[in-house]
Each structure stands twice: as structure tokens, then as C-alpha cells.
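**Student:** Below: sequence and its predicted model.
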Amino acid sequence: GESVGLHLPTLSVQEGDNSIINCAYSNSASDYFIWYKQESGKGPQFIIDIRSNMDKRQGQRVTVLLNKTVKHLSLQIAATQPGDSAVYFCAENSGGSNYKLTFGKGTLLTVNP
Amino acid sequence: DVKVTQSSRYLVKRTGEKVFLECVQDMDHENMFWYRQDPGLGLRLIYFSYDVKMKEKGDIPEGYSVSREKKERFSLILESASTNQTSMYLCASSSPGQGSSYEQYFGPGTRLTVT
């Protein structure tokens, strides 16, 4: 079946640097994408989402980019802080139903002080 | 704020026991989900429910059942726990009526160990 995957399972950055976390998806029918952050011992928390009719969406210190041509999604975190250390998941709604999400396996981001 | 609560943060059960994991949400959401999370495998959907008494199998339903008697509560049942069901279990809820967002709100998780 089709699934969402990540290019890098781990990412280590210095505090203050920008971080980029990548995600590849294979279902061309997907019309909604979402990024979650999961800190140790907690459930995933919403960061930002984007619909397929957009290429870019910005939040507070975060930007999501969507490239439908190559089926690629990225999360950019500006001025990364120690509190950003977590596992980051991308997820997609495949369009077949209006409520199911398919999750990627996650990237562990470590921010070094 | 949406709040999703799970009955236990940690559980230790013996092989063959019947296990109940409870999830409650306070935002009147129609949809509720049960996932398990294992290292290297991400979140995998076990079951979901889109209305009271309605349920559908997810990607890995074998060995599990669910119950949704009230809108706010979604229970995951392990009829006869096995060691390969040792995992982190996450409950989530969502409402398809909230604009165009399919955002799911997650509980804190239950770490289940079956010995």
C-alpha cells in the first residue's frame, strides 16, 4: 500500500540554526498534510498543516513546503531551540475518507546547546 | 482546548489477561482512533470509530476489539494479551466539521507491557 516516509530518521542541529525535516509521500490523491511534534513521554501535538492547493504555509517559527511534483513535504524550523528536540511526524489524508491519517515513521530532532 | 485523556499512563499485564484501555475526549468529536506506536514503525492504526456504536478496522486490528457506547468514550480491548502487544497505545479524536482540517488530537498515551 501507499505510505508516507521520511528521508532522515535523525537530525542533530546547533541551537539557533535552522532545521529542515523532510517527508516523501507516494499517494498522489492526498490532499491534506500535517506535521506533528512528539516530545518524550507525551502524545503527538499539532504543529502546522497544509492543503494540496498550497505550496507553502507559515506559522510561528515554522514553515511547511509542499512540492506536489515530486511528492515531497518539508518542515522548516527557524532558530531552533532546545525545546524543539522531539520526534517529528508527517501525516497525510489520502482523500479516500475524510478523517483517516497515514503517518510517517518520524524523525528525531536533537538540538545541541 | 481539546482534551483527550487515557485511563492509564503505564500498565503491566500478564499473557492471556483481558485488557481494557479507555479513552475519553471532551470536545464532542465524532471520530476517535486507536493507534499503537513502536520504534521504527511509527503510528499504526488499530481501529477507528466515526460515530457511536460504529467502528472500522484499521491497518492492524488482529488481536484487538473496540467499543464505543458513548460519543466521548472509545475503549480498546485486548481479549487475550500477548507479549507482542507490548507497545505504546495512543488514542486520538477529530471532528470532520471543523473547517477543512483533519487534525487529530492525541492523548498522552498508555505504555502497556505484557509479561
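**Tutor:** Great, that's in hand.

**Student:** Skip the chain neighbours and tell me the closest residue to the closest residue to chain A within chain B.
**Tutor:** Per Cβ to the nearest Cβ, B:Phe106 is where chain B lies closest to chain A, at 3.5 Å. C-beta coordinates here come from the backbone N, C-alpha and C atoms, glycine included. Once flanking residues are discounted, B:Phe106 sits nearest to A:Gly43: 3.5 Å by Cβ to Cβ, 6 or more residues apart in numbering or on different chains.

**Student:** per-residue confidence at that neighbour?
**Tutor:** With respect to pLDDT, A:Gly43 has a value of 94.

**Student:** How many residues are close by it?
**Tutor:** 21 (other Cβ atoms under 10 Å in any protein chain shown).

**Student:** How about the one 5 residues further on?
**Tutor:** The burial metric for A:Ile48, expressed as a neighbour count using other Cβ under 10 Å, is 17.

**Student:** again with A:Arg61
**Tutor:** A:Arg61 has 14 neighbouring residues, counting by other Cβ under 10 Å.

**Student:** how close does it sit to A:Asp49?
**Tutor:** Between A:Arg61 and A:Asp49 the computed distance is 16 Å (Cβ to Cβ, to the nearest Å).

**Student:** who's in contact with the residue nearest to B:Phe106?
**Tutor:** B:Val4, B:Leu90, B:Ala92, B:Phe106, B:Gly107, B:Pro108, B:Gly109 (Cβ atoms under 8 Å, 6 or more residues apart in numbering or on different chains).

**Student:** One more: B:Gly16?
**Tutor:** Counting by Cβ under 8 Å, 6+ apart, the residues that B:Gly16 touches are B:Ser80, B:Ala81.

**Student:** ditto for B:Asn31
**Tutor:** Here B:Asn31 is in contact with A:Tyr99, B:Phe48, B:Ser49, B:Tyr50, B:Ser93, B:Ser94, B:Ser95, B:Pro96, B:Gln104 (Cβ under 8 Å, 6+ apart).

**Student:** Dump the contacts of A:Gly43 to JSON lines, plus secondary structure and distance to B:Glu17.
**Tutor:** Output for the contacts of A:Gly43, formatted as JSON lines (DSSP: H, G, I helix; E, B strand; the rest coil; distance: Cβ to Cβ, whole Å):
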{"residue": "B:Val4", "secondary structure": "strand", "distance to B:Glu17": "25"}
{"residue": "B:Leu90", "secondary structure": "strand", "distance to B:Glu17": "21"}
{"residue": "B:Ala92", "secondary structure": "strand", "distance to B:Glu17": "25"}
{"residue": "B:Phe106", "secondary structure": "strand", "distance to B:Glu17": "26"}
{"residue": "B:Gly107", "secondary structure": "coil", "distance to B:Glu17": "22"}
{"residue": "B:Pro108", "secondary structure": "coil", "distance to B:Glu17": "23"}
{"residue": "B:Gly109", "secondary structure": "coil", "distance to B:Glu17": "20"}
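
**Student:** Can I have the buried ones of those residues as a ChimeraX selection?
**Tutor:** In ChimeraX syntax, the buried subset of the contacts of A:Gly43 is picked out as below (16 or more other Cβ atoms under 10 Å in any protein chain shown):
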select /B:4,90,92,106,107,109
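
**Student:** Which two of the contacts of A:Gly43 have the greatest separation?
**Tutor:** With Cβ to Cβ as the measure, no two of the contacts of A:Gly43 lie farther apart than B:Ala92 and B:Pro108, at 11.3 Å.

**Student:** Tell me if I'm right that B:Gln6 and B:Phe106 touch.
**Tutor:** No: judged on Cβ atoms under 8 Å, B:Gln6 makes no contact with B:Phe106 at a distance of 9.4 Å.
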